[in-house]
Every structure is written in C-alpha cells, then in structure tokens.
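# coordinates for the following, if possible.
(2 chains)
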Amino acid sequence: MFETGIRQFRMAMAMMWGWHIKPHIIEHMVTDALKTLEEFGTAGDDVQQLLDGPFTDPVARKEYQVRMVQHTARRLLRRSPYYSKLFATHDINPEKLTLENISRIPVTRKEDLLEQPQDFLCSGVQPAIATRTTGTTGQPAEIWLSKYEIDLWPALSALSGLLRGELLPSDRWQVNISSRATAAIQINATIARLTGIRIATLGIIPVEESMDSLSSGDDRSPTLLATYSSYLARLVKEARRRGLSPASFRLRRIDSGGEVLSQALKRATLETLGPALVNDAYGMTEILPMGARICNQGHLHHDLNVGFVEVINLESGQPAAPGELGTLVITPYYPYRECMPIFRYDTRDVVRNLPDEPLTCDLAGISATSNILGKASNLLRVNEQWVTTRDLVEVYEALPSQPWPARFSARAVGDHIEMVVSEEALDQGVTRAQIERRYQEVGLDVRIIDCVTREQDLLRLRPLRTDLLETTFARRT
Amino acid sequence: MDLYQIVFQTVVVFVAALFAPLLSLLYFRRVRLERPALGVFNTRDILLILVFILSLPFLYLILPSYVLTGMLALTFSTALYIALHPFLRARYLWPLVAFLIVGDIVVTRTLMGTTQGWQIYWVFNNIIVLGAAVGISNLYVQGGMHMRQVAWFSLILACYDFFFDIVVPVSAHLADRFHGQPLDAAMGWISGPYSSNLGIGDILVFSLFIISAYKGFGRRGLFASVGVIILCGAILPSLSPLVILPFVRGGIGITIPVQTFFGPFAVLTYYLLRRGGPERSMAQWFRAEAEEGYEPIRVSRRRRAVAPAAAPSLVKAGTGQGD
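Model (predicted):
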C-alpha cells in the first residue's frame, strides 16, 4: 500500500507538471489495481480522482490546460522541425500562449502530415513503430511512435480500464479492427498482457468466422468486443440470419467506433447480441492517445488529462459558438505524445457545440460536445443549412428494411439532396417514396435517384471500414 | 511476588487485551473506513511498520521529553482522527481530540502524585489508546492485511520482545521512560499500591488478530482468536512472574514480553484455521456480510463539491471516427 501510494504520487506529479512518465510505474500500478480488485472486488474511494485528476473544477482545469499547452508548445519549438518553423513564421511565443490566443496558431491538417511527415518527427527521439490510418477518408497517413509511447499508452489504458470496470481479468476480448491499425492492435495486445485478459485479434475477416467465435457458446466465448460500426452491423445481421439471441452470447460490452453508430443499430445490437453496454467510443490514429466517450445523454466527453480540445467554426476557423457546428481540433500534450506530436490537429470530425448551460449528464463535471456527426468533407449544404452524415445515417438505418451498414452516396443539388442507395434499402417492400418520406419527416428534402445492386457498384458508395476485408482460407471448400 | 499484584495485573491485562480488540471488531463490522483508490496491505508494508516499531523505542529513549510528547501527540491525533472521522464532523472531531490530548498532558503535569490523579491520568490515556488501537487496526485490516500477515508479524515481535526483555533489557528502560509521562502508549489502571498496564503494541496486535481472524475465517476464527488471546495474551503472561524471575525487577515493577507468549500461538492458530479452508478476502467478507444482512452504519467518505466525471478510457484507441 505504501509503495502504491508513492507510485500514485509520482504519477500525479508527472501528470500535473508534464514530466516524463516512466511506463513501468504505470505498469506496476496496473498490478496494484489487479491486486486491489482481487482483494476488495472494487477500487477504492478516490478512484475517480485518480482517473480524472482535479479537472471537475473549472479553474483548476483551465490552469492545467494553459500550463500543458505552453509546456507542449515549448517542447515542439525545440524538437519539432515542422512546428519550430510554424511558430517562427507566426511569431508564436509558447510562454505567452493562452487558451484565448491559441487560435493564432494555424491548425495542422492531414495534408500537412502527408506532405512533410519527416518534419513532424521530433529530434532526440527514436521512432520505433509506424502505424497507418486506414485510409477510408483518402490517402493513409503514417504516424511514427517511440518505444516510450507504445509502452505508456497501453499501461494507461489498462489502468483506466480496470479501475472503471471496463476490463475484468476474467474477460475474453475479441478485436475486429483492421490489422493495419498497428497502434491499436499493439495497444490492445499489451493491455491484455498487463491485465491477464485473453485477447483474440481477428481483424476484418469474413463475418461468418467472427460470428463463429462470438457465439461458440462455452466459457471461451468473448465478453468484450471491439470493432467498427459497419462491421458490427454485419455481425448483427449475421446473428439474426442464424436465429441467434442474447442467450447465444456472453458479451457484456461492445466498443464500437470509427464510424457513425446509429441509434437503430445500437438498439438492434442490444436486442440481438445482448451486451449490457454498446459504447460509441471516439479515437483517431493521429491524435492518439486522446479519446472521448459518450455519456448517458449522448454527449461526447473528451479526455482532458491527455490533451486540449477545441471546436472551430467550419468556415471561419475561429472558436465555434454554442450550438454551432464545428470540427474538433485536438492537441495531445507532452508527455503523452513524444515522437511525432501534433499541435492543433484538425480532425475534420464534425460536432455541434453544446448550448452554454450546465450539463446534467452522468459525466457533467467534464466539458463535452455533441457526438460525432460525420466528416467535414461529407457535409452537404442545402438551403443554407448543413446536413451531416449522421443526419442521413440515422434515418437510413432506421428503415424497416434494416439496410445495415448504411451504404449510400449523397450530394447536394440545389435545394435538395440526391441519394443513391443500395438494393438492401428497398427490401421488405420499402419503396423509394417511403424512404423520401422518412427523410421529409426529419426536415430533409431527399430524392432517391438510383438503387445500386451489383457488388462492384456498391463500392462506389460511401466507403465503410467493413470493406477493408482480410480474406482467409477458413471457409474454402 | 505479591499475589494481589498478580491478580490485579491479570484483571487489568485481561480487560485491556480483550476490550480493545472486541471494540475493534465491532467497529470493523459496522464502520467502513475510506481506502485509497489503489493498494492492498502487503508484506512490504509490514516490514516498513516493523522497521518503525523496532527503531521507535530507541528514539524514545534518546529523545528529549518534549520531543517525545510532541511525537506521541501527533501519532495519537492521527489515529484518533482515523477512528472518529466516520462519526464526527471536523468541527467536533478536532476539539474532542485536542481535549483528550491536552487533557492528558495537563493531568500528567498537575495531578500526579495521588491515586485519584493517576486514575484520571489512566482514564484519559485509556480512551486515547483505545481509540488509536481501534482506528489503526481497522485501517490495516480494512486495507487488506491478512491474518497470515498478522500472525507472522506477532511472531517477529515475539522474538523482538524476548530479545529486548531478556537479553538486552531495553523494554524495562522504555517502561520506565514512559511511566508517568504524558500520553503513555499503554492501557492500564492503578488501585492503591497496585499498578498494571498493557502496551499499545500488544493491544494493536490483539485487535489485528481478532479482526483478521473473523474476517478470514468467520466465527470459527473469532472463537479461536479470542481463546488464544485470553490464554496466551492475558493469563499466561500475567502469571508468568510467578515462575519466571527475570521479569521481576527488584520489586519496583515488572515488564512482561507478552508477544513472546502470544506470537508462536498466533502462527499456530492461523495454520490450524487454514486447514478448514482458505482465508477470505475483503471482497468475500463483504459478500458474506451482505448475505447475512449486515450493513455498515457509518461509511467514511470525503465530501466532494462537484460530481466526479470520468474521462474516457483509452481502451478503444484506434477504433475512433477518424482515419
């Protein structure tokens, strides 16, 4: 207990002042957490403070954010060729940075990462492993990580997962994400090693094989599943095709991300696969280890320990007003990003700023935005109003034909939206007119101009991560 | 050796050896102390306490009186805070602690020399030591200390007691050093020419032993631990001066190495209990208590101004919206 106290103190000091965190300290704390859970069944009374820091207090939170933004900028000025040049060009003095004037620094875009990746590598840090974005929104970006980062992130994840009850040592974890997402795979495998959880990293394999594993029906069946929303949709459909019910599974939690998860699909998942929770998580390769999660009222709450979050107006690039749409701009702090850090990275993920009034959700102490509404590049402008991917997906996936995952393409034409849908949308006797009426009911003037049937034509519709299929020979006859 | 002294001593030790542990047990069943987010009491913690315990007496012997009193005041204030925190708000708790500590010091400075003065002194002292033993024993066991650890802790103290009572008689000097000093680390009583007390170390070990035995093995553990404490912690040590002369110090008083009698039997009791099944963890004990319908009457928890807000887990890294 005494040693654990010392470790907690060292971790708290490192977090508060931005000191280099020794990953082995966090790994020891994971062991402490396992022993605590074994002895007491739950973590102790101060667990929330350990997880969240003192950031429920707005004054303490702001002080911390200013300190960490300056600290991170100071290091980038010294170590990052890209940012030292950028700061010099715009006459940025890290000592004078505040949350109010940070918008003087231009945002970093994915194009910058693609054009000059070497300039983002910090001096004095040895890159160890490269991870690529999956490329569903264009050319994949390559992010290099140091050994420090690939040791630290899973240790922090394992600790928070255990203390929040998201992970139990008795869990079995099935991971259906792209095998090219090496950082995520590496993190998940290390989390499993640290916590003693059994993990099966299957990748985006044929859905029948994943379903065989999920529904094996014995105590080896997974209790946790991590996957993309579109792959989850296919799993739900496969389970229904086989006539499976919640009794066929042992799942207690599903972490779904990477794409918009509609309410209809979430409900169907709960009804069919039967987990207690379907968690619509937010994360992104470029901004790792930043993340966010959804509260009981559907807000997206960001991890303020690890980075600074802004929402900027879609057009002006200035801070978005309450209730306004904007894109998430994220700055992971040092010491969480060391090798190829980014500062004010524009994720192009669109959210709506919440109204400027106190939150009443279960995560009310921490600032939030709306859930992710889609990518900025997929926004449609109709009648002076923005239409997001989520607006379209929510209606589409709630159709009686259950066309999961939502495969369509949409474009704004004058005062309406033209959609091409997949043949699945018209199953169960659903007509084009009915679909258009559904959209009209939510105030969207949508016209279905075509229905795609052939497989190669389906790929012309919006890209889905479930299409990053990794073939196997398991079902070869 | 005066037979009345033996009888008086046995009664005092018997009461001190059982009352504090049984009160600690009652507290254990009905009060939940706040525990840190992470951490279980482990062998390294015991080693740390042992180093502290083994070195402290020597400090006591060499430290000036006012420094010693200051250290004891700090130690007892902390222990009393731990014990009383679940029952009293700070505005009542700290004045009460101050009253007990200052009262003990004032009585020691002003009323000693008469039997009544000594008795008032022991009343203050007994309350303070009782509260400290209850608080600390619960802190340790509710923090995850197991009976196995308590038993071995007691055995190590048995060797220590034996060595410093028989081989190098430091304990006798220590008893003399504390005698009549403010905040004597013992529970005791005086009646006419007879005086007896039991050190806080022994009381703490007995309290730990009873609580951990009950937690680990249920009623079987409780009965076994009470029996061993009565026999090996109270009766045998009290009667020992009748047969063991080295404890008698020329009629001016006696110091008995209680743990020397108790330690070996504590270990033996633990291993006998283990034969009936493994020791329960706190989680198993919580479940058993819940099944019996027991709920804590007091739960120690810090008040927080704002509802805690959980930041997101990092477990989902790489499955986010972005690309």
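
# show me what contacts the spatially most central residue of chain B?
The centroid of chain B falls nearest to residue B:204 when counting by CA atoms, centre = their mean (1.9 Å). Contact analysis of residue B:204 by CB atoms under 8 Å, 6 or more residues apart in numbering or on different chains lists B:133, B:136-137. The way it works is simple: take the backbone N, C-alpha and C, and place the C-beta from them, glycine included.

# quick one: which of those residues is most hemmed in?
Neighbour counts for the contacts of residue B:204 (other CB atoms under 10 Å in any protein chain shown) peak at residue B:137, which has 31 neighbours.

# what does the pLDDT read for that one?
pLDDT for residue B:137: 93.

# and if you look at residue B:102?
91.

# does it count as helix, strand or coil?
helix (DSSP: H, G, I helix; E, B strand; the rest coil).

# likewise for residue A:361?
Taking three-state DSSP, the label given to residue A:361 is coil.

# thought it was touching residue A:299?
Yes. Residue A:361 is in contact with residue A:299 according to CB atoms under 8 Å; the separation is 5.8 Å.

# got the residues of the stretch 1-150 of chain B near chain A?
By CB under 8 Å from any CB of the partner chain, the part of the stretch 1-150 of chain B that sits against chain A consists of B:34-42, B:44-45, B:48, B:143-144.

# one step back: neighbour count: residue A:361 and residue A:299, which is higher?
Applying other CB under 10 Å to residue A:361 and residue A:299 shows that residue A:299 carries more neighbours, namely 22 against 17.

# I'd say the more buried one and residue A:370 touch.
Yes. Assessed by CB under 8 Å, residue A:299 is found in contact with residue A:370 at 6.7 Å.

# any shared contact partners between those two?
Common neighbours of residue A:299 and residue A:370 (CB under 8 Å, 6+ apart) are residue A:354.

# hey, where'd the strands end up in chain B?
Remark: strands assigned in chain B by DSSP state E are B:31-32, B:186-191, B:194-199, B:298-299.

# CA atoms of the second one as CSV?
What that stands for is strand B:186-191. What follows is strand B:186-191 as a C-alpha-only set of coordinates in CSV (Å, rounded to 0.1, in the frame of the first residue of the first chain):
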residue,chain,number,x,y,z
ALA,B,186,-0.4,1.8,27.1
MET,B,187,-3.8,1.0,28.7
GLY,B,188,-3.7,0.4,32.4
TRP,B,189,-5.0,1.2,35.9
ILE,B,190,-3.9,1.9,39.4
SER,B,191,-5.5,0.9,42.6
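
# buried residues, that strand. List them.
B:186-190 (16 or more other CB atoms under 10 Å in any protein chain shown).

# what's the answer for stretch B:72-83, then?
So stretch B:72-83, judged by 16+ other CB under 10 Å, has buried residues B:72-73, B:75-77, B:79-83.

# which members of those are positioned in helices?
B:72-73, B:75-77, B:79-83 (DSSP state H).

# of those, which is the nearest to chain A?
residue B:82 (14.0 Å; CB to the nearest CB).

# next up, the contacts around that closest one.
So, once contact is read as CB under 8 Å, 6+ apart, residue B:82 ends up touching B:33, B:135-136, B:138-139.

# in helices, which of those appear?
Short answer: the contacts of residue B:82 in helices (DSSP H) are B:135-136, B:138-139.

# which among those end up buried?
B:135-136, B:138-139.

# list the residues that contact both of residue A:361 and residue A:299?
With CB under 8 Å, 6+ apart, residue A:361 and residue A:299 have common neighbours residue A:368.

# can you tell me the SS state at the residue in the stretch 101-250 of chain A that chain B sits nearest to?
Residue of the stretch 101-250 of chain A nearest chain B, by CB to the nearest CB: residue A:184 (2.2 Å). State at residue A:184, reduced to three classes by three-state DSSP: helix.

# ok, back up a step: can you name the two of the buried ones among the ones in helices among the contacts of residue B:82 that are farthest apart?
B:136 and B:138 (7.3 Å; CB to CB).

# how many residues are close by the residue in the stretch 151-300 of chain B that chain A sits nearest to?
The nearest approach of the stretch 151-300 of chain B to chain A comes at residue B:283, 3.3 Å away (CB to the nearest CB). Neighbour count of residue B:283, defined by other CB under 10 Å: 15.

# go ahead and confirm it touches residue A:36.
No. Applying CB under 8 Å, one finds residue B:283 not in contact with residue A:36, separated by 9.9 Å.

# quick one: pLDDT of residue 51?
Here I'm looking at chain A. 70.

# my question was about chain B, not that one.
For residue B:51, the model assigns a pLDDT of 84.

# could you confirm residue A:311 falls within a strand?
Yes. Judged by three-state DSSP, residue A:311 forms part of a strand.

# was I right about it contacting residue A:349?
No. Here residue A:311 does not reach residue A:349: they are 10.0 Å apart, not a contact under CB under 8 Å.

# overlap of the contact sets of the two?
A:327-328.

# looking at the two, which is more packed in?
For residue A:311 versus residue A:349, the count of surrounding residues by other CB under 10 Å is larger for residue A:349: 27 against 23.

# show me what contacts residue B:230?
B:14, B:17-18.

# looking at these, state which has the most neighbours.
residue B:17 (28 neighbours).

# could you chop chain A up by domain?
With domains defined by automatic domain parsing, chain A comprises A:2-149+A:284-371, A:384-467.

# how about the residues of the stretch 101-250 of chain A near chain B?
Taking CB under 8 Å from any CB as the contact definition, the stretch 101-250 of chain A meets chain B at A:133-138, A:140, A:153, A:156-157, A:160-161, A:163-164, A:166-167, A:177, A:181, A:183-185, A:187-188, A:191, A:226-228.

# okay, now the unreliable bits of the stretch 101-250 of chain B?
Along the stretch 101-250 of chain B, the model assigns pLDDT under 70 to residues B:171-172, B:175, B:177-178, B:240-250.

# understood, closing this out.
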